[in-house]
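J.: What shape does this take:
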Amino acid sequence: MPTIAARSAGSAWGAGIASALCYGITPIVAIMAFGDGVSPSVLVTLRGFVGAAALLAFCALTHRLRALPRGPALGLFAVCGPLFGAQILAYFAAIERTGAQLAVIVIHVYPVFVIALVWWQTRRPVSRAVVTVCAVLCVGIALVAGTAAGVAEPVGVGLAVISAAGYAGYFVCGERWVHRVDAVTATALVTLGSAVSVGVVAAVTHADFAIGAGGWAAVISQGLILIPIGIGGALYAVRRLGSVPVSLLGLLEPVIAILLAAALLGERLTLPQWAGVGIVLVACAALPRVTRAD
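T.: Here you go, the predicted model:
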């Protein structure tokens, strides 16, 4: 019979895979929402409020909101929230223009921005191995950004790169506060902050919040299922497996998105783009190891 430790590890791997599956499904659900007339800003706003409500309710029921430190909580809500909102808005806008396959691969350049931001903050030397892997990653992204006709929709690719930079900024800025607020509560605060900030953008730009049943299905599925399981599964897996194995599980996200986009949306990649996908996945797998050695 399997030991308790083995069962715990098995459940952690299952949670990590479930998280990657949710994140891989997210761009597909977003495209379906766009097809139903939902704009990226409206989708980000509504799914954020639904997800934040669910997470905050869970936090209240589990007494996680008691003695919440105000400074870190405010930082997560007012700084990390808008950063996360901006990056997910750029990500969904990129998906709307390029399709799921291109956007989900291009956004995986974000570790390069994380390394650059940490270097800018600390001025610690970056090893040649890290620089080499980052360069290889950029080559892969360049290949993915090409199409059979030559060049992908440039605005969409640019938005995906901006999203990657925003994701990196969210990670680096949030590091100072997440150690003082439990992970689930921190996620709820960031999700709420992103919904409020993007909601302001949607209101100023007169976005149409009158969405149909298909749009609400996308909003609710993302807010109540994909966000909680994606985040909760990753947190559970990190607690028991560590960050390196879970970061490698994250490589399933673009694979899942690419396969689902091909099966459900009819999206196709060219041979050079598939080569770029392989390069990106290998480089992403190598980054945690070389940074850990560094």
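J.: so after the helix or strand harbouring Val200, what's the next helix or strand?
T.: Taking DSSP states H and E as the criterion, Val200 maps to helix 183-204. Using DSSP H and E, the helix or strand that follows helix 183-204 towards the C-terminus is helix 213-221.
J.: what about the longest helix in this protein?
T.: Longest helix of the chain, by residue count under DSSP state H: helix 4-35.
J.: which parts of that one are buried?
T.: Residues of helix 4-35 classed as buried by neighbour count (16 or more other C-beta atoms under 10 Å): 9, 12-13, 15-16, 18-34. Placement of C-beta: from N, CA and C, glycine included.
J.: Average pLDDT for that helix, rounded please.
T.: Averaging pLDDT along helix 4-35 yields 82.
J.: just the angle between that helix and helix 213-221, please?
T.: Interaxial angle, helix 4-35 versus helix 213-221 (axes from the mean of the first three to the mean of the last three C-alpha atoms, to 10 degrees): 150 degrees.
J.: could you say what helices and strands helix 4-35 packs with?
T.: With contacts defined as 3 or more C-beta pairs under 8 Å, 6 or more residues apart in numbering; DSSP states H and E, helix 4-35 has these neighbours: helix 40-61, helix 81-98, helix 100-106, helix 213-221, helix 227-241, helix 243-249, helix 252-260.
J.: what's around Gly214, how many residues?
T.: Per other C-beta atoms under 10 Å, the neighbour tally for Gly214 reads 14.
J.: If you could redo that for Leu241, that was the one I meant.
T.: The burial count for Leu241: 18, using other C-beta under 10 Å.
J.: Over to Val178?
T.: What Val178 shows, counting by other C-beta under 10 Å, is a neighbour count of 18.
J.: what do you get for Phe92?
T.: Phe92, neighbours per other C-beta under 10 Å, totals 28.
J.: Need the pLDDT of the closest residue to it other than its chain neighbours.
T.: Excluding the flanking residues, the one nearest Phe92 by C-beta to C-beta, 6 or more residues apart in numbering is Pro40, at 3.8 Å. The per-residue pLDDT reported for Pro40 equals 94.
J.: and Pro40, how many neighbours?
T.: There are 25 residues near Pro40, going by other C-beta under 10 Å.
J.: How about the contacts made by it?
T.: Pro40 makes contact with Ala30, Phe34, Leu89, Phe92, Ala93, Ile95, Glu96, according to C-beta atoms under 8 Å, 6 or more residues apart in numbering.
J.: separation between it and Val50?
T.: Distance of Pro40 to Val50, given as C-beta to C-beta, to the nearest Å: 16 Å.
J.: Leu265: neighbour count?
T.: Neighbours of Leu265 (other C-beta under 10 Å): 16.
J.: quick revisit: just tell me which of the helices and strands packed on helix 4-35 ends up closest to Ala165.
T.: Of all the helices and strands packed on helix 4-35, helix 81-98 sits nearest to Ala165, with 7.7 Å by C-beta to C-beta.
J.: how far is that closest one from where the chain is centred?
T.: 10 Å (C-alpha atoms, centre = their mean, to the nearest Å).
J.: now it and helix 183-204, what's the angle there?
T.: 60 degrees.
J.: Ala275 is in contact with Leu143, correct?
T.: Yes. The pair Leu143 / Ala275 is scored as a contact, 5.7 Å apart, by C-beta atoms under 8 Å.
J.: who's more crowded, these two?
T.: Per other C-beta under 10 Å, whichever of Leu143 and Ala275 has more neighbours is Leu143, with 20 against 15.
J.: Now do the nearest residue to that one once chain neighbours are set aside: how many residues are near it, please.
T.: Counting by C-beta to C-beta, 6+ apart, Gly276 is the residue found nearest to Leu143 once chain neighbours are left out, at 2.9 Å. Residues near Gly276, counting by other C-beta under 10 Å, number 23.
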